[in-house]
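Asker: sequence-free structure coming up:
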């Protein structure tokens with residue numbers, strides 16, 4: 001069993017109104033200390049992860065490409081020294097269009113990055129404005145072209161659907177433009193409202209309407225239709241890939257393989273234990289600089305929790321779960337389908353995933 005290594009970089013140029021990730025604008029002055037702390041945290045974890053091979057490294061955020069490329073290169077080199085990283089690992093870096101150019105993309109590729117995940121979100125200017133994205137559709141196109149010129153052959157485009165004012169026709173145009181750009185992988189997420197975000201507060205105050213769930217369901221079905229026709233395999237609820245380009249790192253989460261997270265707010269999982277780091281970057285730095293692991297909390301899963309998680313995560317993918325008596329009615333309703341002795345969600349079933357999990361785990 002191989003593990004995944006996640007590195008969290010919490011810095012962003014600006015903070016989008018919908019974002020609930022552990023990300024901050026205006027903290028760039030901490031970047032040097034933070035990269036040093038990431039290396040030190042890796043040192044503190046190294047002994048306990050001896051014997052565990054890492055098949056993937058994922059630099060997420062935030063926006064990792066706000067850091068100097070030389071800092072990312074040095075960090076990746078350090079991780080390869082401290083951990084048993086597979087000879088040909090998948091190494092992903094998340095980026096926003098305005099934080100990369102051809103020169104630093106070439107440098108990232110030379111540093112061993114094999115996969116670029118670009119936050120395009122939409123190709124409709126009005127939707128980008130509703131999402132408070134600072135990049136333009138054109139800058140996303142240019143950044144992808146730059147990635148190709150640099151030599152990247154494995155690119156993901158992140159999309160979000162269901163923003164205020166977005167229509168099915170607008171979403172269709174974004175999907176068609178995405179397909180025309182020919183990324184190997186596409187992630188498409190329904191916009192969700194988190195109460196603690198600026199957008200969440202606007203929705204609560206009645207300034208902005210909440211997403212229309214029926215409209216989002218129509219958009220999901222359109223994505224399923226168009227992306228399948230373009231040759232992308234729908235291998236997880238929100239993810240489509242050309243054959244052979246499924247995200248190794250994210251599959252590790254869904255298959256419940258061990259993963260180590262380093263950085264402010266990063267989560268880890270191993271042997272039924274889940275733990276997470278302190279979220280505020282300054283608190284994280286203080287702990288690591290004192291040579292202490294920056295753990296903010298942990299939980300040990302009960303057998304019941306383990307079973308629920310396994311069913312939930314396997315149903316997010318087309319691996320599915322073994323067929324049971326409880327699944328017969330769901331098959332007849334068109335929410336599950338039989339596959340090699342297992343049951344897997346249909347694309348219609350993915351819209352009611354939580355209900356499927358409850359039905360299959362209730363005694």
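Answerer: Cool, got the structure. None of these values were measured; they are calculated from a predicted model.
Asker: by contact count, what packs against the worst-scoring helix or strand of the chain on mean pLDDT?
Answerer: Within the chain, no helix or strand scores below helix 325-332, which has a mean of 83 by mean pLDDT, DSSP states H and E. Packed against helix 325-332 by the contact rule (3 or more Cβ pairs under 8 Å, 6 or more residues apart in numbering; DSSP states H and E) you find strand 336-339, strand 342-345, helix 353-361. Where C-beta positions appear, they are placed from N, C-alpha and C, glycine not excepted.
Asker: could the ones you listed go into CSV alongside mean neighbour count, distance to residue 181 and mean pLDDT?
Answerer: Formatted as CSV, those follow (neighbours: other Cβ atoms under 10 Å; distance: least, Cβ to Cβ, whole Å; pLDDT from 0 to 100):
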stretch, mean neighbour count, distance to residue 181, mean pLDDT
strand 336-339, 17, 31, 88
strand 342-345, 21, 28, 88
helix 353-361, 16, 29, 86
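Asker: what's the closest of the ones you listed to residue 120?
Answerer: Between residue 120 and the helices and strands packed on helix 325-332, the tightest spacing by Cβ to Cβ is seen for helix 353-361, at 25.0 Å.
Asker: what domains does the record give for this structure?
Answerer: Following automatic domain parsing, one gets these domains for the chain: 3-254, 319-361.
Asker: still on that earlier bit, could the helices and strands packed on helix 325-332 go into a markdown table alongside distance to residue 258?
Answerer: Formatted as a markdown table, those follow (distance: least, Cβ to Cβ, whole Å):
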| stretch | distance to residue 258 |
| --- | --- |
| strand 336-339 | 27 |
| strand 342-345 | 24 |
| helix 353-361 | 23 |
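Asker: out of the ones you listed, which comes closest to residue 274?
Answerer: Between residue 274 and the helices and strands packed on helix 325-332, the shortest separation by Cβ to Cβ is 18.2 Å, and it involves helix 353-361.
Asker: circling back to that earlier point, how about the helices and strands packed on helix 325-332, which one is nearest residue 15?
Answerer: Evaluated over these, closeness to residue 15 peaks at helix 353-361, with 28.8 Å, by Cβ to Cβ.
Asker: And for the closest one, what's in contact with it?
Answerer: 237, 307-308, 311-312, 315-316, 321, 324, 326-327, 330, 335-336, 345, 349 (Cβ atoms under 8 Å, 6 or more residues apart in numbering).
Asker: re earlier: next, the buried residues of the least confident helix or strand of the chain.
Answerer: 327, 330 (16 or more other Cβ atoms under 10 Å).
Asker: picking that back up, compare the helices and strands packed on helix 325-332 and give me the one nearest residue 36.
Answerer: Comparing these by their distance to residue 36 (Cβ to Cβ), the top pick is helix 353-361, with 40.9 Å.
Asker: what's the angle between the least confident helix or strand of the chain and helix 353-361?
Answerer: Inter-element angle recorded for helix 325-332 and helix 353-361: 140 degrees (by axes from the mean of the first three to the mean of the last three Cα atoms, to 10 degrees).
Asker: coming back round to it: ranking the domains of the chain by mean pLDDT, which is last?
Answerer: Here the lowest mean pLDDT among the domains of the chain goes to domain 319-361, at a mean of 86.
Asker: circling back to that earlier point, now the domains of the chain as CSV including distance to residue 287?
Answerer: Output for the domains of the chain, formatted as CSV (distance: least, Cβ to Cβ, whole Å):
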stretch, distance to residue 287
domain 3-254, 9
domain 319-361, 35
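Asker: Among those domains, which comes closest to residue 302?
Answerer: Closest approach to residue 302 among the domains of the chain (Cβ to Cβ): domain 319-361, 12.9 Å.
Asker: distance between the ends of the closest one?
Answerer: 17 Å (Cα to Cα, to the nearest Å).
Asker: Backbone dihedrals for residue 267, please?
Answerer: The phi/psi pair for residue 267 (degrees, to the nearest 10) reads phi -100, psi 150.
Asker: Oh, that last question was meant for residue 311, not what I typed.
Answerer: phi -60, psi -50.
Asker: hang on, isn't it packed against residue 319?
Answerer: No: the pair residue 311 / residue 319 is not scored as a contact, 11.2 Å apart, by Cβ atoms under 8 Å.
Asker: what sits against the nearest residue to residue 79 once chain neighbours are set aside?
Answerer: Distances taken as Cβ to Cβ, 6 or more residues apart in numbering place residue 42 nearest to residue 79, at 5.8 Å, with adjacent residues excluded. Contacts for residue 42 were tallied using Cβ under 8 Å, 6+ apart; they are 78, 79, 82, 83, 262.
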